[in-house]
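Q: Just to be clear, the model below is a prediction. Sequence and coordinates:
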Amino acid sequence: MLNYIWVFMIIIGIVYGSFTGQMAEISNGVIDSSKEAVQLCITMLGVVALWTGIMEIAKESGLVESLTKGMRPLLRFLFPRIPKEHPAMSYISLNFIANILGLGWAATPAGLKAMEALADLEKERGNPEFAGNYRKERRASNEMCVFLILNISSLQLIPVNMIAYRSQYGSVNPAVIIAPAIIATLVSTVAGIIYCKIKDRKH
C-alpha cells in the first residue's frame, strides 16, 4: 500500500510541476534530496557501526547477560506463561535492552528471533494455529501481542537515531531530545503494559 501511495505522490508532483512550469525546481529538488539522503546514510552508518560494536562488546563482557538477569522479575510479570528458561526470554530481554539504548537496528534481529521462539512455544503447547512451517492465516499468541506492543512503545534512554538526525541537520544541541524522549517513551510503555494486563485479565 505504501508503495502505491509514494508512486501516486510522485506522479502528482510531476504533473503539477509540468502544468505550473516548475519542472526545473522539481529536478533540482530530486538532485538535492538524493545528495542529502546519501550524506544522511553515511552519518547513520557511522552511528550504527559504533553502537552495534558497543552492543557486541557488552555481550562479550557479560553485561547483556547481567542486564537480562536483572530484567527477569519484569519479564516474569509481563510474560508469566513463558517457561523461565525458554529461549524466547533471552531474545525478548535482548530486544528490550537494545531498544532502551536506542539501537532499533540491533533490536530487530532479536525481535524476529523472539517471535520465532514464541511460535515454537505455541507448537510445544499443541496450538494447531502454529502447526506446520507455513500458514496463510495465523493468529498471534497472547505473548506475541504483548511483546509487539511493548516493542512498539519502546522505552528509550538514549534515542540514538533522533540525536544523529538532529546532528545531521545542524541542531545546536542534538542531545537535548534525551529528556523528552525518555518521558514520552516511558509514558507509552507504561500505557502499553496497563493495556496488556487489562486485556489479559479479560481472557
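A: Received the coordinates, thanks. Residues are numbered from 1 along each chain as shown.
Q: so residue 26 sits right up against residue 14, yeah?
A: Yes - using CB atoms under 8 Å, residue 26 is in contact with residue 14, at 6.8 Å. Quick note: C-beta positions are derived from backbone N, CA and C, even for glycine.
Q: Compare these two (neighbour count), which wins?
A: When neighbours are counted by other CB atoms under 10 Å, residue 26 comes out ahead of the other of residue 26 and residue 14, with 16 against 12.
Q: State the helix or strand in which the nearest residue to residue 113 once chain neighbours are set aside lies.
A: Nearest residue to residue 113, sequence neighbours excluded (CB to CB, 6 or more residues apart in numbering): residue 91, at 4.4 Å. Residue 91 belongs to helix 87-100 when assigned by DSSP states H and E.
Q: Let me see the mean pLDDT of whichever helix or strand comes after that helix.
A: The C-terminal neighbour of helix 87-100 among helices and strands, as given by DSSP H and E, is helix 104-124. Mean per-residue pLDDT for helix 104-124: 82.
Q: Let me know the angle separating helix 104-124 from helix 87-100.
A: 160 degrees (axes from the mean of the first three to the mean of the last three CA atoms, to 10 degrees).
Q: what about the residue nearest to residue 113, distance to residue 147?
A: With the distance defined as CB to CB, to the nearest Å, residue 91 ends up 9 Å from residue 147.
Q: what about the two, which has more around it?
A: residue 147 (25 against 21).
Q: which stretch of helix or strand covers that one?
A: Per DSSP H and E: residue 147 is located in helix 142-153.
Q: So which bits of that helix are buried?
A: Under the neighbour-count criterion of 16 or more other CB atoms under 10 Å, helix 142-153 has 143, 144, 146, 147, 148, 149, 150, 151, 153 buried.
Q: any idea of the mean pLDDT in that helix?
A: pLDDT averaged over helix 142-153 gives 87.
Q: With stretch 74-93 instead?
A: In this model, stretch 74-93 has an average pLDDT of 85.
Q: picking that back up, do I have it right that the residue nearest to residue 113 meets residue 117?
A: Yes - counting by CB under 8 Å, residue 117 is a contact partner of residue 91 at 5.6 Å.
Q: Now residue 43. Nearest residue, chain neighbours left out?
A: Spatial nearest neighbour of residue 43, chain neighbours left out: residue 168 (4.9 Å); criterion: CB to CB, 6+ apart.
Q: quick one: the one you found and residue 107, what's the gap?
A: Per CB to CB, residue 168 is found 21 Å from residue 107.
Q: repeat for residue 74
A: 17 Å.
Q: more neighbours, those two?
A: Applying other CB under 10 Å to residue 74 and residue 107 shows that residue 107 carries more neighbours, namely 22 against 12.
Q: how much space between that one and residue 180?
A: Separation of residue 107 from residue 180 (CB to CB): 21 Å.
Q: any idea of the mean pLDDT for the longest helix seen in the chain?
A: Criterion DSSP state H: the longest helix present in the chain is helix 23-61. For helix 23-61, the mean per-residue pLDDT is 77.
Q: Show me how far the helix holding residue 147 is from its chain's centre.
A: 11 Å (CA atoms, centre = their mean, to the nearest Å).
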